[in-house]
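Q: fold the following for me, if possible:
(chains A, B, C and D)
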Protein chains: 2
Amino acid sequence: MEGMATRPYTHSLERLRTAGLRPTRQRLALVRLLFERGDRHVTAEQLHAEALAIGARISLATIYNSLHQFTSAGLLREVVVDPARRYFDTNVSAHHHFFHEDDGVLHDIPGDRIALAGLPDTPRGTEIDRVDVVVRLRPARG
Amino acid sequence: MEGMATRPYTHSLERLRTAGLRPTRQRLALVRLLFERGDRHVTAEQLHAEALAIGARISLATIYNSLHQFTSAGLLREVVVDPARRYFDTNVSAHHHFFHEDDGVLHDIPGDRIALAGLPDTPRGTEIDRVDVVVRLRPARG
DNA sequence: GTGATAAATTAGAACTATTCTAATCTATTG
DNA sequence: CAATAGATTAGAATAGTTCTAATTTATCAC
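A: Next comes the predicted model:
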């Protein structure tokens, strides 16, 4: 095992350490699910189901705790597209989203594709936290 | 009463009739609360509190029913900015939003101010329902 | 107007996603 | 390895919303 170019275990562990989070068994499992398969958009329930599916015993409370901790640590970012569900995105760089309203699937629009012009001045006493663009899609009528 | 230039009662009633909704006592009260004071962004609980405050007896269930019916009828539009609350906007024309993250206040950015360029092609089999831009604000650090 | 009927309203139960609580367990540090 | 701060957990609690089934009301035909 030693000396390999990439060691998933070490990588996940480092990711947690760097974020200032103790690498527990549960968090390691979640980091692997989240970050070893490219950009993902997950809800807590989805991630819980996946964790159980690979045999990781982890409670839903821990899923929620971890999603929030990962978000505070900058490993994840929350995307608000659905008033009934919280989505978390493993891509934390600047980018926007397509949201398929029929099935709840969310996916990225690369960050530099969209340009926004004409943003008005922000109201007095405030500053921009971020600007979210959501392109809501429906099945094409046909 | 007859012959007046604007008669709020008639106006509200017409608005409901035009939308194909029976003008009930409850709906009339809500239409007046919603549309007689310029553009508004309300949640169900807020609107319920307002209705009770002006002495209109109306249940929370009816508030929810009405908000959804008004939305289907094109009188309102839902704005998704907060994963824990549904906001309804009385301005149904094309426009975007400022969202004050600290206090949950939402307000309009006039529709023609913001220009979006570089939207990618929509995925096969889908078409754009709408594009939402939310500018999230936080108190300016000072 | 009156009666018949379809639609609307309602209280309260149910539901869903999420958060909280307090007990148990575990990673870290000395 | 013991002490301890932090993490995990089951299950209770909560918040917002939706549902259910009984009651009330608007509309329509007469």
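Q: alongside chain B, which residues does chain A contribute?
A: Contacts of chain A with chain B, taken as CB under 8 Å from any CB of the partner chain, map to A:78, A:80-83, A:85-86, A:98, A:100-101, A:109-110, A:112-120, A:122-123, A:125-141. No exception for glycine: its C-beta is placed from N, CA and C like everyone else's.
Q: among those, which are in reach of DNA strand C?
A: When contact is defined as CB under 7 Å from any atom of the strand, the residues of chain A next to chain B meet DNA strand C at A:R85, A:R86.
Q: strands - which of the residues of chain A next to chain B land there?
A: With DSSP state E as the criterion, strands contain A:78, A:80-82, A:85-86, A:98, A:100, A:109, A:115-117, A:126-139 from among the residues of chain A next to chain B.
Q: mind checking which of those are buried?
A: A:80-81, A:86, A:98, A:100, A:109, A:116, A:126, A:131-137 (16 or more other CB atoms under 10 Å in any protein chain shown).
Q: farthest-apart pair in these, please.
A: Spatial extent of these (CB to CB) is set by the pair A:H100 and A:T126 at 32.0 Å.
Q: thinking again about what came up before, let me know the closest of the buried ones among the ones in strands among the residues of chain A next to chain B to B:V105.
A: A:T126 (10.3 Å).
Q: show me what the spatially closest residue to the closest one that is not a sequence neighbour is bridged to.
A: Ranked by CB to CB, 6 or more residues apart in numbering or on different chains and with sequence neighbours excluded, the top spatial neighbour of A:T126 is B:L137, at 4.0 Å. Bridge pairing for B:L137 (DSSP bridges) gives the partners A:I128, B:H100.
Q: which residues touch B:L137?
A: A:T122, A:P123, A:T126, A:E127, A:I128, A:D129, B:F98, B:F99, B:H100, B:E101 (CB atoms under 8 Å, 6 or more residues apart in numbering or on different chains).
Q: how much space is there between it and A:L119?
A: Distance from B:L137 to A:L119, counting by CB to CB, to the nearest Å: 12 Å.
Q: again, but for A:G20
A: A:G20 is 34 Å from A:L119, by CB to CB.
Q: the two - which one has more neighbours?
A: Each of A:G20 and A:L119 has its neighbours counted (other CB atoms under 10 Å in any protein chain shown); A:L119 has more, 16 against 9.
Q: for that one, which non-adjacent residue is closest in space?
A: Going by CB to CB, 6+ apart, A:L119 has B:I114 as its nearest residue, at 6.2 Å.
Q: repeat that for A:L67.
A: The nearest residue in space to A:L67 (CB to CB, 6+ apart) is A:F88, at 5.3 Å.
Q: host element of the one you found?
A: strand A:85-89 (DSSP states H and E).
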